[in-house]
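Enquirer: turn this into a model:
(one chain, ligands or ions: 2)
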Amino acid sequence: MKCTRCKAPAQVQLRAHNANFCRDCFLFIFQRQVERAIEKERMFRRDEPVLVAVSGGKDSLALWEVLHGLGYQTTGLHLSLGIGSYSDVSTEKTAAFAAANGLPLITVRLAEAGMAVPEVAGLTRRPACSACGTMKRHYFDQLAIDRGFPVVATGHNLDDEAARLLGNVLHWQLPYLARQKPVLEPTHPRFVRKVKPLFRVSEYETAIYAFLKRIDYVVDECPNAVGATQLVYKEMLNRLEAASPGSKLTFVQDFLSRAQPVLPAATGDGPPQTCAQCGMPAFGEICGYCRLMRETEQKRERRAASGAA
Ligand SMILES: [Zn+2]
Ligand SMILES: [Zn+2]
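Expert: Ligands and ions are numbered 1, 2, ... in the order given. As a prediction, this is how the structure comes out:
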C-alpha cells in the first residue's frame, strides 16, 4: 500500500476518500482540510483572536493543536464540569496540553461556583446533558464577550454533525435544521460567532491525527453520554459508512449545499431581553443559566432547611 500523494509506504487508509497516506502526508492533508474549511466558510481571519472550547478529549485538543500550528491566535476555554474523576482527568490533560504548547488557557471550575453538573441536574431534576448544555452556552458567550473574542470554535467533527443531522431529519426539526451550519452568526450583540472547523473530518481521522501527534487526551466518554440517542445514531452511521464509504461526508455536505438553502431562513432574532442578574441575553427577566442557578440554590436551601428541622 503506497501513499496516494508521495508514493512512500502508506500508514493510513482512508476509505471515505479512497486514498492512503504516509504519516507526513496524512498530517498535511488533515491540516489542509481544516484550513480550507475555515477559509471557505469564512469562520475567522488570522487577525481575529479565537476562543477554542476544549474538553480535554481528542477532538477539541486536535482542533487546538491544528489552529495553533496554522498560526491562528488561540486561547483555550475549559469548563471543569464537576463530573467526578472524568472531569478531574479532563481538566488535568487540558492544562498539561496548554502548558506543553505554551498556550493561554481559561479554566472555569463549575464545582467552585456551586454548579457541578451532577448536583445541578439532581437538584433541579433535569437531564444532566441539558443542564450541562445550558451552562456551556452561557460561559462560551459570556467569557468570549467579556474577554474580547469575536468567535468560539468547538471540536465537533463529521460524525457529530452527521449524527445530529440524522436526529434532526428523523424528527423533521426544521428550525434546528435551519441552524445546523458550520458557522453560526450571532443573533444578539452579546452572543459571538460559533464555528466548527472539524466539521468535514471524521472521528476516525481525528483519532489518527491525535495519535500521530502524540496528543495526550481523556479517552473515556462523558459518563452521562453513555446510552445517549446520539451514540445510537453514530453506530447506525458507522454501519452505513462501512457498507458505503464516504456516506457520512456526502450526507452532511449535500445537506449543506442542497437542502439548507431551500429551508426557511433561521430566524435572526435573539432573546429580546437582558438578564437582570448577569447582563446576558434572556427570554424572560433572567437568562436560562441564571434561572438554573437560582433553582439550584433554592433547592439546596430547602434541602438544608428540611435536614436541619
Ligand atoms: Zn506521503
Ligand atoms: Zn443571567
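
Enquirer: assess the claim that residue 181 and residue 256 are in contact.
Expert: Yes: using CB atoms under 8 Å, residue 181 is in contact with residue 256, at 7.2 Å. C-beta here means a position set from N, CA and C on the backbone, and glycine is covered the same way.

Enquirer: okay, now residue 232: neighbour count?
Expert: Residue 232 has 13 neighbouring residues, counting by other CB atoms under 10 Å.

Enquirer: so it is in which element?
Expert: helix 229-243 (DSSP states H and E).

Enquirer: do the same with residue 95
Expert: Here residue 95 is assigned to helix 84-101, by DSSP H and E.

Enquirer: pull out the buried positions in that helix.
Expert: 86-87, 90-91, 93-95, 97-98, 101 (16 or more other CB atoms under 10 Å).

Enquirer: repeat that for stretch 31-43.
Expert: 31, 33-35, 37-38, 41, 43.

Enquirer: contacting residues around residue 4?
Expert: 10, 19-21, 25 (CB atoms under 8 Å, 6 or more residues apart in numbering).

Enquirer: who wins on neighbours among the residues you listed?
Expert: residue 21 leads the contacts of residue 4 on contacts (other CB under 10 Å) with 25 neighbours.

Enquirer: what distance do you get for it to ligand 1?
Expert: From residue 21 across to ligand 1, the span is 6 Å (CB to the ion, to the nearest Å).

Enquirer: not counting sequence-adjacent ones, nearest residue to that residue?
Expert: residue 12 (4.9 Å; CB to CB, 6 or more residues apart in numbering).

Enquirer: and the one you found, how many neighbours?
Expert: Here the number of neighbours of residue 12 (other CB under 10 Å) works out to 22.

Enquirer: relative to residue 36, how far out is it?
Expert: 19 Å (CB to CB, to the nearest Å).

Enquirer: same thing with residue 306?
Expert: 58 Å.

Enquirer: do the same with residue 94
Expert: Using CB to CB, residue 94 is found at 27 Å from residue 36.

Enquirer: what of residue 9?
Expert: Plainly put, residue 9 is 27 Å away from residue 36 if you go by CB to CB.

Enquirer: for residue 110, same thing?
Expert: 35 Å.

Enquirer: and what of residue 225?
Expert: 30 Å.

Enquirer: now swap in residue 45 and tell me
Expert: 15 Å.

Enquirer: for the stretch 1-150 of the chain, just list every one of the helices.
Expert: 23-40, 58-69, 84-101, 117-124, 128-146 (DSSP state H, counting those that start in this stretch).

Enquirer: would you mind giving the ones you listed as JSON lines with distance to residue 174 and mean pLDDT added?
Expert: Shown next, in JSON lines, are the helices of the stretch 1-150 of the chain (distance: least, CB to CB, whole Å; pLDDT from 0 to 100):
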{"stretch": "helix 23-40", "distance to residue 174": "25", "mean pLDDT": "98"}
{"stretch": "helix 58-69", "distance to residue 174": "28", "mean pLDDT": "98"}
{"stretch": "helix 84-101", "distance to residue 174": "35", "mean pLDDT": "96"}
{"stretch": "helix 117-124", "distance to residue 174": "29", "mean pLDDT": "93"}
{"stretch": "helix 128-146", "distance to residue 174": "20", "mean pLDDT": "93"}
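
Enquirer: sec struct for residue 187, please.
Expert: Here residue 187 is recorded as coil under DSSP: H, G, I helix; E, B strand; the rest coil.

Enquirer: give me the number of residues near it?
Expert: By the criterion of other CB under 10 Å, residue 187 has 14 neighbours.

Enquirer: so which bits of stretch 12-19 are buried?
Expert: So, applying 16+ other CB under 10 Å, buried residues of stretch 12-19: 12, 14, 16-17, 19.

Enquirer: mind listing which of those are in strands?
Expert: Using DSSP state E, the members of these that fall in strands are 12, 14, 19.

Enquirer: who's in contact with the first one?
Expert: Applying CB under 8 Å, 6+ apart, one finds that residue 12 lies in contact with 20-23, 26, 208.

Enquirer: next, count neighbours for the residue in the stretch 101-250 of the chain positioned nearest to ligand 2.
Expert: Closest residue of the stretch 101-250 of the chain to ligand 2, CB to the ion: residue 138 (7.2 Å). Neighbours of residue 138 under the rule other CB under 10 Å: 20.

Enquirer: residue 286: neighbour count?
Expert: 19.
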